[in-house]
Structure formats: structure tokens, C-alpha cells
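Visitor: here is a sequence with its predicted model. Questions after.
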There are 4 protein chains.
Amino acid sequence: MILRNSTLLMAILAIAISSCSSNSNDTEKKSKNQKSYWPNDARLVISFSMQFETGGQPAGAESPFSESPLPAGAPDLPAESWYRYGANEGVYRMLDLWKKHGIHVTSHVVGAAALRYPEVAKAIANGGHEIAAHGFAWGNQWDMSYADELAFVKKGVDTVQAITGQKGIGYNCNWLRRSPNTLKVLQDLGFLYHIDDLSRDEPFVTKVRGKNFVIIPYTLRNNDIVNVEGKQWSPDQFLAQLKAEFDQLYAEGASKRRMMSVSLHDRIGGTPAMVHVVEEFIQYAKKKQGVVFMRKDEIAKLVQNDPNTPVDNSEAKYNN
Amino acid sequence: MILRNSTLLMAILAIAISSCSSNSNDTEKKSKNQKSYWPNDARLVISFSMQFETGGQPAGAESPFSESPLPAGAPDLPAESWYRYGANEGVYRMLDLWKKHGIHVTSHVVGAAALRYPEVAKAIANGGHEIAAHGFAWGNQWDMSYADELAFVKKGVDTVQAITGQKGIGYNCNWLRRSPNTLKVLQDLGFLYHIDDLSRDEPFVTKVRGKNFVIIPYTLRNNDIVNVEGKQWSPDQFLAQLKAEFDQLYAEGASKRRMMSVSLHDRIGGTPAMVHVVEEFIQYAKKKQGVVFMRKDEIAKLVQNDPNTPVDNSEAKYNN
Amino acid sequence: MILRNSTLLMAILAIAISSCSSNSNDTEKKSKNQKSYWPNDARLVISFSMQFETGGQPAGAESPFSESPLPAGAPDLPAESWYRYGANEGVYRMLDLWKKHGIHVTSHVVGAAALRYPEVAKAIANGGHEIAAHGFAWGNQWDMSYADELAFVKKGVDTVQAITGQKGIGYNCNWLRRSPNTLKVLQDLGFLYHIDDLSRDEPFVTKVRGKNFVIIPYTLRNNDIVNVEGKQWSPDQFLAQLKAEFDQLYAEGASKRRMMSVSLHDRIGGTPAMVHVVEEFIQYAKKKQGVVFMRKDEIAKLVQNDPNTPVDNSEAKYNN
Amino acid sequence: MILRNSTLLMAILAIAISSCSSNSNDTEKKSKNQKSYWPNDARLVISFSMQFETGGQPAGAESPFSESPLPAGAPDLPAESWYRYGANEGVYRMLDLWKKHGIHVTSHVVGAAALRYPEVAKAIANGGHEIAAHGFAWGNQWDMSYADELAFVKKGVDTVQAITGQKGIGYNCNWLRRSPNTLKVLQDLGFLYHIDDLSRDEPFVTKVRGKNFVIIPYTLRNNDIVNVEGKQWSPDQFLAQLKAEFDQLYAEGASKRRMMSVSLHDRIGGTPAMVHVVEEFIQYAKKKQGVVFMRKDEIAKLVQNDPNTPVDNSEAKYNN
């Protein structure tokens, strides 16, 4: 179901935002006349993504061991144990963090991961987090036929719904790599939004067969998989990135609609040092007035039919 | 038009420098007898480059996705969205920064980027920034014939002039890779200077068919594309580099002509965290007396016929 | 010999822990009613691994030179000298550090290294450290037959025992890469535990032919070989990682059993700058109450038959 | 000429050390009874290497451009300009730094670089620095025949001597890669020491045909070419490495002979930000009592026949 009455939604969500908005001890005040770009005088919306993928990876999937792959058939036991960390420790540690700070996030759940660890998928859903779709398993989606892609996405979302009771309305492709048909496939299946786009710092809409489809832009900058697991940054550098990004977007939030996306993967962002610096970031951000943490489905519903939302049809040739 | 009366130019530009020089609250004073190497007692000239390239890149161009390229014909949609960020957010964010600090920069504009996003190219020109040439599109220039290279450069500069009203007199090759003929081609087309040289920390001249051609040296050290998009440095490390570089060059500026070049690309340097640390750097530099921010065309005109400018004919065999 | 009376062991080791526990000047106190997950109210157990491998490496082994390998037969003299650093300086420097702070560690000793430098192996054993097994030499273990693997492991442990008088009961594979038979091989040879698993932040057991086999999980995060010798991190970044990891695990230690593993290799972690930051970390950790440094054999004996130890049979298909 | 009277040398060099030892404002005092491992109560010797190589590199040599090499015959103009920086700016900037702090360093000079830029080579020699040998040009030395290697080394040292008046008695191979014959070749040519060994933190001797040959160990840790030009570290990280390394070696200097080697290449360590942090390091080190900066030839003469110098014949099979 895709809601279209944005006025009603604005009212409903304004209450939600109001209740989860941080109690700032900051002295900055919004003047009465200042235009607001989000409900309830929110100035910056931060949305966390928490990928749950453990158990959905194929043999030889990206890991600290994958650069020297074993021959087919030989199990890479330490690599498999590295993935299991996500289900054993990573997701639960992040769930504790979100609970402690009253934050609800969007969790991109691979179907096969939920099948392998149903208790983890249920724990995420029970924490009040959005269960979004992330394919049935890891694998290329960009080269599938229309029918195959539709079946693949549907299998993933149905699998996760059967386990968690939540039907995903947001989508994240493996390594962001959509096919030219992906948005039409998602529309066919009742999805509201996808995140596999890096082109803006605010949500926008694009026309798919003439109807609004929402994009909640993703980031590789505030993303553990490239910068941390890619072995480039230590956790303190990730924190430095988050703080600098926040400072700039918060400043810009005074004059335009701004959103900050942060992405954490079960086995990477869920390690102790990473959760520690993410908590430092949350504490840093909460000191500013008007900082709101939202799930991506909430954001998508807010902006879908808002006339202030940018319309971008850069990919129009694929979406007619 | 290439001005040659350096005395007149010195006078004109001295006024410009005087007005844009930072109002320092620093206690360092230049003694009356100290020799100056720039007009108006300026001690260090900082010049920003802002590359506008989005839309000019070929399929498979360098991006966070290009290490695992898709087969020919399959559009790499997230990579394309990553590039669009430069036109949607990056250039505008940097323009806001320059405006806030009263700084004029040199923008290297790819012809095809200006065609794709004419409003962005116009916004740059309208901000008082130099529109410099950067080829018609991304692609190898080092292996072109003389005639092809001349046509390629001319098409780029003409395209951008038609959109912005400015004719570029400075040149930047794709990945700095000139052909042996490039300087002669640029001279034929009325260019004053190029930047594809890393050999000095001050502008210099070289003889091309007996006439002075200016080189404003570039840097890969203070450059987002290698150190930041190359996934080596977090933004705080980029800031540390800029500050250490500045401190040394500023100190040296007391006894010789020194220039600091900083380079930012639309989709990289234009991200929130990067603009935030670049602003920190600007604030840091402005605290020192005699720090001046200049466009590269201004610098080139200042030094072209100044007898204090070094003459370097290391590449003489190509330029006769 | 594998001890099985965990009650007795708990009592014995409680005394050991009591004596090596840091005298904290921290004001945090454990409330009387708080459940403890380690003996003697210890809150977090830290275990260092010190790999002694110098002299056991094959020609062309990973080094700063190995990316441009020499042809077979040409000795890579600087690479060999780089390895010798581990035996000349690295191990001794770390031994001084452990002695200064009253810490006993687990040293994973390659058989051929002990043969080449028996005085180093003896110095480790004489310092009160655990001598654990690490194969007879560097080389793939994952592709050996059952008989070959058993002979390889036995030759390593026998060699080191002959030199140091200690028989290893803990195992670490080359690059963590076990074969499907490794745990059964280790059980045949009387081993108590292995470390080639990255899936948890606490020790656990798995059933091997129906009996408990202990896993003391390893880490690539707090490990010099990936992050430091992989040329990604400077020593201060390694320290930042250790501190952030510690802070989080220490906090979690109030409500569950937590363990922190840190790994240092003779020629990498034994360099001056690395030992300096590791000492900074030890001083940082010791300020907290209830931080205990233990050898892995001590930990394994504590948890082997403790009903609170998690049982994880993820690899059951290989271990029956 | 190789001096052998170490007692006389000790006396002579003690005076030199005395005069260049830093005037410490530190309160640490050496007790009267404390054993000293260097003359004049020096506690730690720091030795800088300054490689002068610009102009000696072959086409396609390591540079920011060399990962995507141009076809043979096509000049890589920006790469060549990147190298020229070393001769135009880098060496002179470092010479200014050494002069400011009264430090004499060892400069490893490639023969072809001195031919191309004789004024640079002379400036180094005139600054009181040691002119050490570094081959005639860049190229593999490890695969040369005895006769070819002897001719190659001799041509380099003769070339540089003709220009600077100094005959090198210390050797540094291209990328440290010696042949099995190198030490015998160096002995034939009257060399006193080489640096292509990473195995210790103090100088040592090895027997070459029964006579003492000195090794002043080199480092890749405190070396700009791997960590900085390898694009891993920003200058502040290089500084963190130097400080941590210094702190540890200085502490150890109380109970054994310790030496710290730092290496800077013309076009890398000679950039503004790097010189700035190296100066910060020098200021940091000078605050400690007993820190002495020495050329490597001075060190080699001190230790060559000192009975306290370790003897290491690990490579005996090549040196008989």
C-alpha cells in the first residue's frame, strides 16, 4: 500500500518526530519567522541503515580473506566465521545502541539471512525498526531479465515478511547495482522508495510510468563497507567524517531541506570500536536543536507528495 | 586577449588583491624594509581549482564502482548517480563557500559538462570565478595528432564560451596528461597558461616558439581526487595536509615568492564533510597577514612578464 | 593433558587472576549484587597474542617487498632482513613490555622459527608466557590430507616442545585457514582450543566428536598484520582502534561475558612505535577496575566446561 | 680509505658530537654511574637520509601516474614534472631545514641525478652533508654479474665524486635490493658501510672476506616513500609515527645502544607539508637530553671496530 495523502501523513508523523526529537541543551533557537523544511521545526533528519546480510553471502564473498580466494569447493572457514559475527554480535550490539538512544533505523534484510537467522530478523522488527528489502540473496541483479528480477525481489520480500510480519516498501540492491528495470519492478511489487542513488543530500522523487517513486539517497561516505572494511579508515577517522558531514549539513539545514544517511553492516559497523564511535556521533548530533532520527519509510511517506520535494527524471528513459 | 603590459597589470591587480586580502587579527607585521614577492605586500597566494566535470565522463569512468566494471552496454546506474552529485550539490555548495568568504576561484569546466548542465556553468561564471578550459570531454589527449588535439581543445573552449560568455585562457588536461604538442596547441588558441605541471611551488614561464607561456603549478598533494576519492584520507587528514602545507609555504613566503594550489572536484570536494574542512582551512589561513586568494588567470597575468618569474625550459625539445 | 574439572580450575585460576588484576585507581565500583561473568569480579579479560614466525617464512613471503617478487632462486635480501628484525628486536622488545606490566601472553610459535632461533623461543617460555602451536612452518594447511595435516601439526608442536619444554594446547593456522579436518586433528593431538575464528567477542565451545572443544576468538581488527603492515594505519590509528574497542567491550562487560583479543607479530608489533602505543593502551586499560590480562590457555580451561559458555555448532558437519 | 683506529676516532667524533648535541631544557639527567652506549653521554643517535634521485629515474618510474603507464615512447610529462620537483624545490627546502637546526645528514645521490643537476649535488656537499652512493642510475642491481655490478657502482661513485669532490663510502641500492655479491663489490671499492638491511635498531658489523663491514640499518617505517608516497599516510600520521618511534627508542637508549633512522626523498619528503612535520619532529626530539643527529659515515666509523658493536653473520654464505 502506498499512502498518498501527504497532509494526513505530515500530521501523523509530526507527532512521531516530536516524540523522538532530541532534547537539546543547545542554546541555538529557531526564530519564529524561519521557514522549516521538515515537520515540527526539525532542521536535519538523520537516517541510519543497518544491513543484515550474514548467511546470505555466496562462497568467496568480500571479506578480509577474499583477495586470495580458495578454489571452488574448499570452504573458507575463517571467512565464514567472520560473517557469522554479524548475526552473533553485530546486529544485537547495534540494537542495544538504537534502544539506548531511542532511535529507529531502517534495516535492509537479505532474505537468505532471515531464513538462516530468523531470531535476528525478529529481534530487529521487534525493536521498532523498519524491515526493508535487500534481495533474496547476494548476487547480481543488474543483469536479470524483468521476470527474473521481479521473482528475485518478491521472493526476498515475501521471505522476510513471513518471518518478521513486516512487508518491505523500501529497496536496496546488492552493491547498489540496479538494472534498468528495477524501479518498474519495485513499482509492480508495491514499493514506495529505493536508496540506490548517490546524487543528492535530500530525498527526491522520480516518475515511474507517470507516478511518483521516492529516492532516499544513500552514501558511500558515511558507510562502513567502503571506508572501514575497505581498510582505509580507523574508527576515529569514521567519526571525524560523520562529525564534519553533520556540521555542514546541519548548517545548511537552516536554509534548505537536508538529510544525512549513515550506513552500517552487521559484521563491520557492529564491531565494538565502530559502535563506540557511532555512539559518540549520536551524542554529538543530539546536542544540536532540531536533529531528528527517522526510518527511511517515514521519510519517504513525508516527501512523496510534498510539492517541495525535488523531482529528478535523470533516468527517465528507463522508467516510462 | 593576452595582456602583456605587466606594469599596468600589477597596478590593476594590486587593487584587486588589496580588496580581497584578509583582514588579519594576527600580530605579525612585515617590516618596512622587507622585500615583497607579490603586489601589496602579499606574502602567500592561495589559488583554488574547482573542477566541473559531471556529465563529461565516459562510461566506466573512475568512481567507487569502476574497479569492478560492468560489461559494455550495461549502464552503471549508481556510478552515474554518484557523478550527478557534482552538478546537483557539489558545485553549488562550493559556490556558497566561495561567496561566504569572498574568494574567487578557477573552475576547470569540461565542455560536455557545461552542455549537460548549462545552469551550473552559468552559476560558476556569475559568481565571479574564472572559467578555464578542461577539454571537450574526458578522454586521452596525450595520444592525439596535432590537428585533432587543436580541434578537441577548441571545441571545449568554444562550447563553454557559448554558454558562459567567458573564453578560457588557462588549460587543464584530463589527468594532467599532455601530449608533446599541447603547449603549441594552446598558444595557437590564445591560451595564456596551463596547470599540468607539478614541479614548483610558484608560477613560472617557459618558452613556446620563443614566447613566454605561463605555468601555474598544480598539486596532487592538496587535491581531493587522489587522496580523498582514492580512499586514503578522511577529511580531517585532508585538513591536516592543507594546514601543514600552508604553514610551511607561509613561512617561506617571507623570503621568496610562494603559491599554494588546492584542487577540488565537483563530486568529491563538494561533499559536506570536505566543504566543512576546506572552510576550516580558509579560516585558518585568513588569520595570517598577507594571505591572498586569487584566480589563476590573475596570477598568470601578474607573472607572465615579470623579470622575477623563473624561466624553466625543461621541455624545450617539444616547444620550439 | 586436558583438564576437565572446571570447579577446581576456577578456584586455581581465580587466585592467578586475583594476583594479576590491575590495581585500579578508578572510582567505578561493582555493586554487591551485580552478576559476574568471570572469576573474582573481573569485568573484561584482555588476551594478547604474540606471533613468533621469523625464520619460518618461505621465500617470497608477505613483506614490504613481496608485491614485486624476485624470480625463484634470487634471494630477496632486504625482505629476509626485514623478517630477522622479529627475532633480533621485536620479540625481545615485547617481552620487556609484558614483564614491565606483569602481563602473560600467548605466543604462537612456528616450529621452524624455534629451530632457527631457539634462544628466542626459550626466552618467551622463560617469561611465563604460553607457548602455543602455529604449525611447523608457513604454508597452506587447508588443502592437506588428514594424515599430512596431523603430521604437520605434530611436527610443529613436538619441535617447539623439545626446545621450550612446553607442549602447546592451543592452535593458530597460517592465515587462520583451517581445513575441514583441523579440529579433529587437534583433538587427536590433545589440543584444548584453537583461535582461528572471528565470530564472537567471548570464548565458546563446539562439539568435536561429541566432546567440548574451545574456541578463543581471534580478531583482525586489533591485529597489526592487516591494519599496520597492510600499510593502512599509522600506530596512532592502531591505538585509537584499541581504545575504542576497549571502551565498548568494557561497558558491555557489566552485563555479559566479554573478551578482547589483540594480536602482534614479531617483526610488526615489535617495532618501537607499535610497542609504544601498545604500552599506552595497557596503561589506559589498567585504569579501569576489573581488567584482567590472561593467556589463552588459562581462558580455555576456565570456560571449557562452564555451563555459561556458549555452545556453537555452526561447523558441525565437519566435526562429527 | 677505511679507518681502523676506533679509539682515535672516538675521541675525534666525541668533539663533533659534543658540539652538535642539542641544548636540552629537559630536566632528565643521566646519573654519574650510568653506562653510556655512545660517546659523550649521548643517549640516542638520529640519522636522516636524504635521497637525491631526480633525473636518474627511468621512463615509467614509480610516480602518482605510474599505475596506468603510457606506451613506450610516449613521454609522461606530468610524471616527469613531478620528479623535477625534487631538484627544483625538495632538496633546497630540506637543506634549509638542516641548516636551521644545525643537522648534518647523509644524502644518497644517484649518479645520473648529479649529472643532470650538478648545482644541487654541490649544494648538498657544501652544506656539510655526507655524499653517499646510490648507484649510477635507477635500475635493478640484484641481477647483475659481479663485473657489471662493480662497474655500475664505481661509475656512480666516480660521477658524484667528480662533481662534489666527495667519494662515497656508504651505499644504498635501488629499493634496497642487493645482489649476493654486493658487499664484496663494495669492499673492493673501499666502501665502509651499507644501509640496505632492516634487521636492527642499532648499527652492526658483518664479516666480508674476514673483515668488518658496517651495516647502518635502514627503515621503511620512518620512510616517506612507502607510507607517504604510497598514499597511505597524511603528514600528521608520519609525524605520529616519528614521535612514537622516538619515544620508545629514547627510553630504550638508557640501557642499550639505539639508533633512529629517518628517510626522506627529494620529491616526497621535500614537499612543504612534509618538511613542516619533520621540523616539528626535530623540535620534539631536541627537547630531550642526549639526542644527537649524525651522518651515517660518522656512525660507521664509530662502531666499526668497537667491541660493543653486534656482529651478525646471517648472510655469511654470500660474504666469504
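Guide: Looks like it arrived, so ask away. Numbering: from 1, shown residues only, chains lettered A, B, ... in the order given.

Visitor: and the pLDDT at the residue lying closest to A:T219 once chain neighbours are set aside?
Guide: Among residues not flanking A:T219 along the chain, A:S261 sits closest, at 4.8 Å (C-beta to C-beta, 6 or more residues apart in numbering or on different chains). C-beta: built from backbone N, CA, C; applies to glycine. With respect to pLDDT, A:S261 scores 98.

Visitor: ok, A:S261 - contacts?
Guide: With contacts defined as C-beta atoms under 8 Å, 6 or more residues apart in numbering or on different chains, the neighbours of A:S261 are A:46-47, A:49, A:195, A:216-219, A:222.

Visitor: reformat the residues you listed as a markdown table; add secondary structure, pLDDT and neighbour count.
Guide: Putting the contacts of A:S261 into a markdown table (DSSP: H, G, I helix; E, B strand; the rest coil; pLDDT from 0 to 100; neighbours: other C-beta atoms under 10 Å in any protein chain shown) gives the following:
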| residue | secondary structure | pLDDT | neighbour count |
| --- | --- | --- | --- |
| A:I46 | strand | 98 | 24 |
| A:S47 | strand | 98 | 26 |
| A:S49 | strand | 98 | 27 |
| A:I195 | coil | 98 | 27 |
| A:I216 | coil | 98 | 30 |
| A:P217 | coil | 97 | 20 |
| A:Y218 | coil | 96 | 23 |
| A:T219 | coil | 95 | 21 |
| A:N222 | coil | 96 | 25 |
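
Visitor: between the residues you listed, which is closest to chain C?
Guide: A:N222 (17.2 Å; C-beta to the nearest C-beta).

Visitor: you'd agree that closest one is up against A:Q241?
Guide: Yes. With contact defined as C-beta atoms under 8 Å, A:N222 and A:Q241 form a contacting pair (6.4 Å).

Visitor: circling back to that earlier point, buried ones in whichever helix or strand the residue nearest to A:T219 is part of?
Guide: Using DSSP states H and E, A:S261 falls within strand A:259-265. By 16 or more other C-beta atoms under 10 Å in any protein chain shown, the buried positions in strand A:259-265 come out as A:259-265.

Visitor: now do A:E202 against B:P78, distance only.
Guide: According to C-beta to C-beta, to the nearest Å, A:E202 and B:P78 sit 18 Å apart.

Visitor: now the stretch 1-150 of chain A against chain B: closest residue?
Guide: Counting by C-beta to the nearest C-beta, the stretch 1-150 of chain A gets nearest to chain B through A:W142 (6.3 Å).

Visitor: return the helix or strand in chain A with minimum mean pLDDT.
Guide: None of the helices or strands of chain A scores lower by mean pLDDT, DSSP states H and E than helix A:6-20, at a mean of 45.

Visitor: where does pLDDT dip in chain A?
Guide: Applying pLDDT under 70 to chain A flags the ranges A:1-34.

Visitor: from A:M294, how far off is the most centrally placed residue in it?
Guide: The centroid of chain A falls nearest to A:S49 when counting by C-alpha atoms, centre = their mean (3.1 Å). To A:M294, A:S49 is 12 Å away according to C-beta to C-beta.

Visitor: same question for A:A133.
Guide: 18 Å.

Visitor: and what of A:E229?
Guide: 26 Å.

Visitor: higher neighbour count, those two?
Guide: Taking other C-beta atoms under 10 Å in any protein chain shown, A:E229 and A:M294 do not tie; A:M294 has more neighbours (26 against 19).

Visitor: my guess is that one contacts A:H129. True?
Guide: No. Look at A:M294 against A:H129 with C-beta under 8 Å: they stay out of range, at 11.4 Å.

Visitor: joint contacts of the two?
Guide: A:H104.

Visitor: A:Q237 and C:L264, how far apart?
Guide: Distance from A:Q237 to C:L264, by C-beta to C-beta: 22 Å.

Visitor: what's the answer for A:F281, then?
Guide: Between A:F281 and C:L264 the distance is 29 Å, computed by C-beta to C-beta.

Visitor: list the contacts of the nearest residue to A:L95 once chain neighbours are set aside.
Guide: Using C-beta to C-beta, 6+ apart and skipping the chain neighbours, the partner closest in space to A:L95 is A:G127 (5.3 Å). Under the criterion of C-beta under 8 Å, 6+ apart, the contact list for A:G127 reads A:95, A:98-99, A:104.

Visitor: equivalent analysis for A:N313, please.
Guide: A:N313 neighbours (C-beta under 8 Å, 6+ apart): A:206-207, A:319.

Visitor: next one: A:H276
Guide: Per C-beta under 8 Å, 6+ apart, neighbours of A:H276: A:235, C:244-245, C:247-248.

Visitor: narrow those residues to those in helices?
Guide: A:235, C:244-245, C:247-248 (DSSP state H).

Visitor: so which of these comes closest to chain B?
Guide: A:P235 (10.8 Å).

Visitor: show me what contacts the residue of the stretch 151-300 of chain A found nearest chain D?
Guide: Nearest residue of the stretch 151-300 of chain A to chain D: A:Q232, at 9.0 Å (C-beta to the nearest C-beta). Each residue near A:Q232 by C-beta under 8 Å, 6+ apart is listed here: A:226, B:231-232, C:232.

Visitor: one more time with 10 Å, if that's ok
Guide: Contacts for A:Q232 (C-beta atoms under 10 Å, 6 or more residues apart in numbering or on different chains) come out as A:226, A:238, B:230-234, C:232-233, D:232.

Visitor: nearest to C:A121, of the residues you listed?
Guide: Checking these against C:A121 with C-beta to C-beta, the nearest one is C:W233 at 29.2 Å.
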